[in-house]
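Student: Predicted coordinates and the sequence they were generated for:
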Amino acid sequence: MPSDNTVKSLVRALSVLECFSKQEPELGVTEIANKLKMQKSTIFNILSTFQNTGYLIKNPANNKYHLGYKLLHLGYIVSSRMSIREQFIPHMKEIANACGEVCYLGLLDEMEVLYVEAVYPNTQIQARNILGERAPLYCTGLGKAMLANLSSSEIEDALAKPMQSFTKCTITDPDVLRTQLEEIRSNGYAVDNMEHEFGIRCVAVPFFSMDGSVLGAVSVSGPSPRFDPQTVVRCASLITEQLRDLQHCF
């Protein structure tokens, strides 16, 4: 619930920025108004303000808007302060090369996975930059590793929300997920069995703050045929071993 000192007009303006995504990088006034169920005149005024201050750019070819360079600058500031990435990268390199798969670092942010780093093994060329991408908790290895270690009330709140099926393997039954989360807590690692991207398996291990609360997770991910049960256990052990050196850092 918003606090009493929340500036509602600012919340509305920020909700406009949050409409833009990798899938929808350009949006028009009507599209945003429909998404937010707000008056087009209000949306136009917000967009014009962001355009005038450099946070949005208007495409004259179609009169749609996209995110501006001011936001990129702010992103660089956030990125430069994320020392957690610097602490993890050497360990992620060890994991990526030992497993022969790409290694991801994800943080728990507003009940989603926030991808903050990816390290590729020496045998692979970097395929994409995932910095800043988000994914659900319930269908990703990183997300399930985090979700399993939240409080009971947080887990139930997450499972009560609608869950989209990304592939035929996505688990959307809350009871099935509860059982799997218990197994994850017992095993110490989570597996995404083609639940978010078909053909991709992921093994993830959570890490915690000094007070015991889950902060994020580290995973390795690759084509499903390369992740037989023995490989899953081996990768989980390698990640766990590397994370031990970081357990008192946060």
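Tutor: Perfect, thanks for sending it. Residues are numbered from 1 along each chain as shown.
Student: just the helices in this structure please.
Tutor: For the chain, applying DSSP state H gives helices covering 8-17, 29-36, 40-52, 69-80, 83-99, 141-147, 152-159, 174-187, 229-244.
Student: Pull the residues that contact the first one.
Tutor: Same thing as helix 8-17. Applying CB atoms under 8 Å, 6 or more residues apart in numbering, the external contacts of helix 8-17 come out as 2, 32, 36, 38, 42-43, 46-47, 49-50, 55-56, 67, 71. Quick note: C-beta positions are derived from backbone N, CA and C, even for glycine.
Student: Now it: average pLDDT?
Tutor: Helix 8-17 shows a mean pLDDT of 92.
Student: Could I get the buried residue list for that helix?
Tutor: If you call a residue buried by 16 or more other CB atoms under 10 Å, then helix 8-17 has these buried ones: 13, 16-17.
Student: and the residues you listed as JSON lines, adding distance to Glu110?
Tutor: Shown next, in JSON lines, are the buried residues of helix 8-17 (distance: CB to CB, whole Å):
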{"residue": "Ala13", "distance to Glu110": "18"}
{"residue": "Val16", "distance to Glu110": "18"}
{"residue": "Leu17", "distance to Glu110": "15"}
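Student: Any stretches of this structure with poor pLDDT?
Tutor: Residue ranges of the chain with pLDDT under 70: 1-6, 76-83, 126-128, 247-250.
Student: in terms of contact, does Ile155 touch Glu182 like I think?
Tutor: No - the pair Ile155 / Glu182 is not scored as a contact, 10.4 Å apart, by CB atoms under 8 Å.
Student: Common neighbours of the two, please.
Tutor: Jointly contacting Ile155 and Glu182 under the rule CB under 8 Å, 6+ apart are Ala148.
Student: Among those two, which residue is more densely surrounded?
Tutor: Taking other CB atoms under 10 Å, Ile155 and Glu182 do not tie; Ile155 has more neighbours (18 against 11).
Student: pull the CA atoms of stretch 180-197 into PDB?
Tutor: Only the C-alpha atoms of stretch 180-197 are listed here, as PDB (Å, rounded to 0.1, in the frame of the first residue of the first chain):
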ATOM      1  CA  GLN A 180       8.900 -28.400  -5.400                       C
ATOM      2  CA  LEU A 181       9.900 -25.500  -3.200                       C
ATOM      3  CA  GLU A 182      10.200 -27.900  -0.300                       C
ATOM      4  CA  GLU A 183      12.500 -30.000  -2.400                       C
ATOM      5  CA  ILE A 184      14.600 -27.000  -3.300                       C
ATOM      6  CA  ARG A 185      15.000 -26.000   0.400                       C
ATOM      7  CA  SER A 186      16.100 -29.600   1.100                       C
ATOM      8  CA  ASN A 187      18.500 -29.900  -1.800                       C
ATOM      9  CA  GLY A 188      19.900 -26.400  -1.600                       C
ATOM     10  CA  TYR A 189      19.400 -25.700  -5.300                       C
ATOM     11  CA  ALA A 190      16.700 -25.200  -7.900                       C
ATOM     12  CA  VAL A 191      16.300 -26.500 -11.400                       C
ATOM     13  CA  ASP A 192      14.400 -24.800 -14.200                       C
ATOM     14  CA  ASN A 193      13.400 -27.700 -16.500                       C
ATOM     15  CA  MET A 194      12.600 -25.800 -19.700                       C
ATOM     16  CA  GLU A 195       9.900 -23.900 -17.700                       C
ATOM     17  CA  HIS A 196      10.800 -20.400 -18.900                       C
ATOM     18  CA  GLU A 197      12.500 -21.100 -22.300                       C
END
